[in-house]
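Asker: sequence and computational prediction follow.
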Amino acid sequence: MVLNPVISKLAGKLVVLASASPRRLEILTNVGLKFEVVPSWFKETLDKTLFKQPHEYAVATAKQKALEVAKRMPFQHLKTPDIVIGADTVVTVDGLILEKPLDKQDAYNMLSRLSGKEHSVFTGVAIVLCHVLQGMEIEYRIFDFYEETKVKFADLSEEMLREYIDSGEPMDKAGGYGIQALGGMLVEYVHGDFLNVVGFPLNHFCKRLGEIYNAPSESLSQSVRSETSRDQCTSADKLTKCVERGETVERPNEDCKDVAPALTSGGAVPRGGVYCNLNFPHRIVDLMDGFKASKCLFAASKLKATERLLDALVSLGLLTKFKHTETTAYRNTDVVNQYLVSSSERSLHGYILHCNDLVWPLFTHLEFAVQEGASQYERAFGKRPEDFFQDAYYSTCDLGGCTGAMAYEFTKAHPGLSVTVFDLPTVVEMSSNFFPNHQHTSRVTFVAGDFFTDDLPKADLYILARILHDLPDEKVHLLLSKLSTICSPGCGLLVSEIFLDEQRNGPSRALLQALSMTVGKQRSAAEYSLLMNKHGFSQDCIKYTENFLDALLCIKE
Ligand SMILES: C[S@@+](CC[C@H](N)C(=O)[O-])C[C@H]1O[C@@H](n2cnc3c(N)ncnc32)[C@H](O)[C@@H]1O
């Protein structure tokens, strides 16, 4: 076996595949390579018009994918990989670069373009070697190459195209087909490395590893020839070098001459591979810019972003930018869908809002905290910590809270809040397994009981949402006087109902709901306020939402 000695050179090293592609994983696993998979957050966002040749684009994307993982791992995974492998496969036909289809229509357009023609499949591969220097700076050496394979498609009938698209196979594959599965039926011939079409040119990769690791041992850097010498400096290289220097990709037109000093300064920069500029203080610059990145994330979690903010989010790997019917569009990256979208099971949305609303203002006063050795709550929020906690970190009890839908919304909006949902035993039995929008949080708990006869959980705020309208008057008074007894002064009572307007002739949904009520009655906000008043609660504010429920907040006197 010629290839095994190469693979065995990597034994004991932390090898990372910066790709989520199951096909690449399978190819590399099959040859006995031991590696971890850390999918890159870098998406195919490079401007294709900057590249003269399609393979330059694929190589540049592969480099960015690998570098992104190499730079993220020491912070996120608290370990530095020895080698990161990045790859990007594109299909080209009629001078166009085809990546993964956006939707079925896009897949249809791609496949009909390929029908009956020969096209090229390019995979760009980047091998990034990471080396921790003294002072924790990390040196990155990048070796890259590409492989081209020609593939000819048979003439595809409309029916075949539709059926293939309906199989779902095209969606996560460059060019919209997978040669190793159903897509193999579309192919007339393949000239070149078949595995390259699958997504990873194994043969070329092993040869390249051999060159890197079988080089005379005095110094890898002295002996390995770079694929990207300065004389061949392409737009793609410029981009990569800018990124390696800690600069942003928004400066792609920078001339190679400007890059040269960075590559040769410090005396330690070798001839082989492409190095990150050792003299550039990446760590410091990252720390200096960190607050801007955090604030971008916070703002985006709260607001409808402007184009400038969207572009900044693209640069942070949170969005990808693409052309859609002549306009620029943005879409969430996988990490955003997983961790930032509020409906996701793993959403950190609430915590991000907490960081923005509470942690951020505190940290802006860090100098004072250090000088004074004292809490900065008052300076940051104009309140003493004890008052602050009373405001922001209260416990709430949603009486008749049913599935906990409102409780989950409340905890989402208020990171410090915990809510007990109190409902009848049969309801709690079913509801406690129901997680609206897949939200799991220990801040929502369920307690079974009857609010007329059982003890109620202790809370700083009680919610009665869609409860009172459905009760006869004597029960309304029973419940409110019970609440009045257990609430101490300052305790809140939130009544949420559809409030009748003062003329009692609207809104329509209140009158329609009344049709299905037997014992209770609809009331105006003023009537509810009066009712609360009788039980020692004074009106704090009324909110007409023009949505399903209005709200009246009262405070125990
Ligand atoms: C109309 S639903 C309102 C649910 C929820 N608050 C909302 O706004 O969607 C009334 C809820 O009160 C609960 N409930 C009725 N009588 C109760 C009682 N005596 N003790 C506890 N919960 C009760 C019901 O089980 C039901 O979940």
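Answerer: Now that the structure is in, tell me what you want to look at.
Asker: contact partners for the residue in the stretch 351-500 of the chain that the ligand sits nearest to?
Answerer: Nearest to the ligand, among the residues of the stretch 351-500 of the chain, is Gly400, at 2.6 Å (Cβ to the nearest ligand atom). In this view, the C-beta of every residue, glycine as well, is placed from N, C-alpha and C. Taking Cβ atoms under 8 Å, 6 or more residues apart in numbering, we find Gly400 in contact with Phe422, Asp423, Phe451, Leu464, Ala465, Arg466, Ile467.
Asker: just the buried ones from those residues?
Answerer: Phe422, Asp423, Phe451, Leu464, Ala465, Arg466, Ile467 (16 or more other Cβ atoms under 10 Å).
Asker: and the residues you listed near the ligand, which?
Answerer: Within the set of those, contact with the ligand (Cβ under 6 Å from any ligand atom) is found for Asp423, Phe451, Ala465, Arg466, Ile467.
Asker: can you name every helix or strand that the longest helix seen in the chain contacts?
Answerer: If you go by DSSP state H, the chain has its longest helix at helix 54-76. With contacts taken as 3 or more Cβ pairs under 8 Å, 6 or more residues apart in numbering; DSSP states H and E, helix 54-76 sits against strand 15-17, strand 83-93, strand 118-132, strand 138-153, helix 235-244.
Asker: follow-up on the earlier one: out of the contacts of Gly400, the closest to Val93 would be?
Answerer: Ala465 (58.4 Å; Cβ to Cβ).
Asker: coming back round to it: of the ones next to the ligand among the buried ones among the contacts of Gly400, which belong to strands?
Answerer: Asp423, Ala465 (DSSP state E).
Asker: farthest pair in the ones next to the ligand among the buried ones among the contacts of Gly400?
Answerer: By the measure Cβ to Cβ, Phe451 and Arg466 form the most distant pair in those, at 13.5 Å.
Asker: all helices for the stretch 351-500 of the chain, in order.
Answerer: Here the stretch 351-500 of the chain has its helices, by DSSP state H, counting those that start in this stretch, at 360-363, 366-372, 377-381, 385-392, 405-413, 425-431, 473-486.
Asker: show residues contacting the first one.
Answerer: Meaning helix 360-363. Counting by Cβ under 8 Å, 6+ apart, Ser294, Lys295, Phe298, Ala369, Gln376, Tyr377, Ala380, Phe381 sit against helix 360-363.
Asker: now do 7 Å
Answerer: Phe298, Gln376, Ala380, Phe381 (Cβ atoms under 7 Å, 6 or more residues apart in numbering).
Asker: residues contacting the third one?
Answerer: It stands for Ala380. Pro361, Leu362, His365.
Asker: ok so, going back, redo the ones next to the ligand among the buried ones among the contacts of Gly400 as TSV? Include distance to Val31 and pLDDT.
Answerer: Putting these into TSV (distance: Cβ to Cβ, whole Å; pLDDT from 0 to 100) gives the following:
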residue	distance to Val31	pLDDT
Asp423	58	94
Phe451	66	96
Ala465	60	97
Arg466	63	95
Ile467	65	97
